[in-house]
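Asker: Need a 3D model of the sequence below.
(one chain, ligands or ions: 2)
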Amino acid sequence: MTLGKYILAIDQGTTSTRAILFDALGGIAAVAQQEFPQIYPQPGYVEHDAVKILQTVIYVCRAAVAKAGVSAEDVAAISITNQRETTVAWDSQTGIPVCNAIVWQCRRTAPECERLAADGMGEYIKSTTGLLIDPYFSGTKMKWILDNVPAARELAGKGRLRLGTIDSWLVFSLTEGRSFVTDISNASRTMLMDINKHCWDGALLKKLGIPESALPRIVECGGDIGICSKTLLGREIPIAGMAGDQHAALFGQCCFEKGMAKNTYGTGCFVLMNTGEEPVQSKDLLTTVAWKLNGKTVYALEGSAFNAGSALQWLRDELKIIETPQEADRLAESVEDSGGVSFVPAFTGLGAPYWDMYARGALLGITRGTQRAHVCRAVLESIAHESYDLIHVMEQEAGVNLLELRVDGGASRSRFLMQYQADVSDRHVKRPVCLETTALGSAMLAGLSVGLWDSQEELTELWREEQTFTPSCTPELRERNLARWHRAVERSRGWAEI
Ligand SMILES: Nc1ncnc2c1ncn2[C@@H]1O[C@H](COP(=O)(O)OP(=O)(O)O)[C@@H](O)[C@H]1O
Ligand SMILES: O=P(O)(O)OC[C@H](O)CO
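Answerer: Ligands and ions are numbered 1, 2, ... in the order given. Here you go, the predicted structure:
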């Protein structure tokens, strides 16, 4: 077989699935995208239809290859990157899910998390998995399925239950031999994997009642992950790169050196910093595997904010005060400030550094003169404010000074947001030419594995800056805005509990 010239990257995100065909220079030959429905069965619950997700994957892969006008022979490898933690349960024989996937944002396992905390599991979970007790992670979602879906229990009894994150679900569904694997970066988000030993932790599986036989094999982020069956594109193609989306974005931003960091503005906001080959423990941040390649593991510290771009979608879909996110940008720039309005996007609680599963969204400071432009501005500012918190706590806990922040993701297109981010965090914000960094990172993992690229140095050469946003705000204004944000956060906390 001659080596194809392209990598087909599947980016399975929270609100849409994209397939992007990258050429050997890291350039985009074609993109295909499809949104899929979010399911909100009750307040605080978020679900996805895993079969629908698979259908979007198949559709966008075929569409991207067709758009580029290339043949399947030209595709050297497929890579997968995905929304993390979202949990799917299915039957190994039929390949059919037993219930909707429980999305990372879903808060239904808050009571189980309280029980774990009351049992004094916090310290053990932190030191073993690098994570905090929160409904965010897959472990308690798996337990919920076993406790609440009779078909899951029945299949578990027969040894036919499969529990996995979206990466496992896609590899299982796309491969002829039905490979059942998860990559180590996704596994490190389950609250079940020992981040030092890189295996499932027996004590946690026992505590949550999860049978190890239902869990996938943990593999590296590059190599022989599976062979995609020819039903997808007409010929078998190796799946050679796989990582959770935020880990892939760190790789795609070429943050290969210890201390380099990125922030991805998608549905949520996720700041990850490369901390080198040893896991670094932190109080309010997550310790996670960034990637593992050829036996070498790189770790990261992560600050996660659960809602960011989703707040713009809320303005568009629920409040209906904008038609596109770009309109929010224009409106935000049309007023001098937010007119005293503050917004806290805690739709599904607050992540780092607050870790409040009962916080809920808040819109404060409204007066009779408040216009939609003020609300749009407050929403965009809130995304920068929560990112400021992540950057600030990261600098404090890792003892570093981030001189620059590399940014990507859908909402990093917003000029207003990026400038405000630079102002409020007093840091240079660097936006690359390729904002599809998540997909690019996974393509790089696959490309290294199949020999399209030889080294990380070669990949670094492919990274191109589009624009740097320079801080230009007075310290007084900055402090005033941050103080108001922190007052607003306090008011949003514990709301659902009450
Ligand atoms: N021009 C824009 N300005 C601001 N936000 C945007 C813009 N375009 C897209 N977004 C936001 O980006 C998000 C989608 O980004 P994406 O990286 O695809 O996220 P995900 O992978 O979580 O689905 C949406 O929530 C949307 O509100
Ligand atoms: O869909 P995204 O890009 O916002 O990413 C979701 C995260 O992976 C959740 O941990």
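Asker: What parts of this structure come near ligand 1?
Answerer: Applying Cβ under 6 Å from any ligand atom, we find that the chain lies next to ligand 1 at 13-16, 266-267, 309-310, 312-313, 325-326, 329, 409-411, 413-414. For the C-beta atoms, the positions are set from N, CA and C on the backbone; glycine is no exception.
Asker: Contacting ligand 2 as well, which ones from the residues you listed?
Answerer: Within the residues of the chain next to ligand 1, those near ligand 2 by Cβ under 6 Å from any ligand atom are 13-14, 266-267.
Asker: top of those by neighbour count?
Answerer: residue 267 (26 neighbours; other Cβ atoms under 10 Å).
Asker: contacting residues around that one?
Answerer: Residue 267 sits next to 13-15, 83, 105, 307-310 when contact means Cβ atoms under 8 Å, 6 or more residues apart in numbering.
Asker: How about the backbone phi and psi for the closest residue to it other than its chain neighbours?
Answerer: Computed as Cβ to Cβ, 6 or more residues apart in numbering, the closest residue to residue 267 that is not its neighbour in sequence is residue 14, at 4.0 Å. Note on residue 14: backbone dihedrals following degrees, to the nearest 10 are phi -70, psi -30.
Asker: Verify the stated contact: residue 14 with residue 84.
Answerer: No - with contacts counted by Cβ atoms under 8 Å, residue 14 stays clear of residue 84, the gap being 9.6 Å.
Asker: Can you tell me which helices and strands the longest helix seen in the chain packs against?
Answerer: Looking across the chain with DSSP state H, the single longest helix is helix 372-398. Helix 372-398 sits against strand 261-265, strand 269-276, strand 296-305, helix 309-317, helix 325-334, strand 342-344, helix 415-425, helix 475-492, with contacts defined as 3 or more Cβ pairs under 8 Å, 6 or more residues apart in numbering; DSSP states H and E.
Asker: circling back: which residues do residue 14 and residue 84 both contact?
Answerer: residue 104.
Asker: circling back to that earlier point, tell me the buried residues within the residues of the chain next to ligand 1.
Answerer: 13-16, 266-267, 309-310, 312-313, 325, 329, 409-411, 413-414 (16 or more other Cβ atoms under 10 Å).
Asker: Spell out which parts of the protein neighbour ligand 2.
Answerer: Near ligand 2, when you scan the chain using Cβ under 6 Å from any ligand atom, you find 13-14, 83-85, 104, 244-246, 266-268.
Asker: any idea which of the residues you listed is least confident?
Answerer: When the residues of the chain next to ligand 2 are sorted by pLDDT, the bottom entry is residue 267 at 90.
Asker: pLDDT wise, what is residue 383 at?
Answerer: So residue 383 comes in at 98 (pLDDT).
Asker: give me every residue that touches it.
Answerer: Here residue 383 is in contact with 265, 269, 308-309, 311, 345, 411, 417 (Cβ under 8 Å, 6+ apart).
Asker: Which of these lies at the shortest distance from ligand 1?
Answerer: The nearest member of those to ligand 1, counting by Cβ to the nearest ligand atom, is residue 309 at 2.4 Å.
Asker: which SS class is the residue lying closest to the closest one once chain neighbours are set aside?
Answerer: Take residue 309 and drop its neighbours on the chain: the residue closest to it by Cβ to Cβ, 6+ apart is residue 411, 4.2 Å away. Here residue 411 is helix, with the state taken from DSSP: H, G, I helix; E, B strand; the rest coil.
Asker: the helices in the stretch 51-200 of the chain, which residues?
Answerer: 110-118, 122-129, 138-148, 150-157, 166-174, 184-187 (DSSP state H, counting those that start in this stretch).
Asker: what's the spacing between the first one and its chain's center?
Answerer: I take that to be helix 110-118. Here helix 110-118 is found 24 Å from its chain centre; the criterion is Cα atoms, centre = their mean, to the nearest Å.
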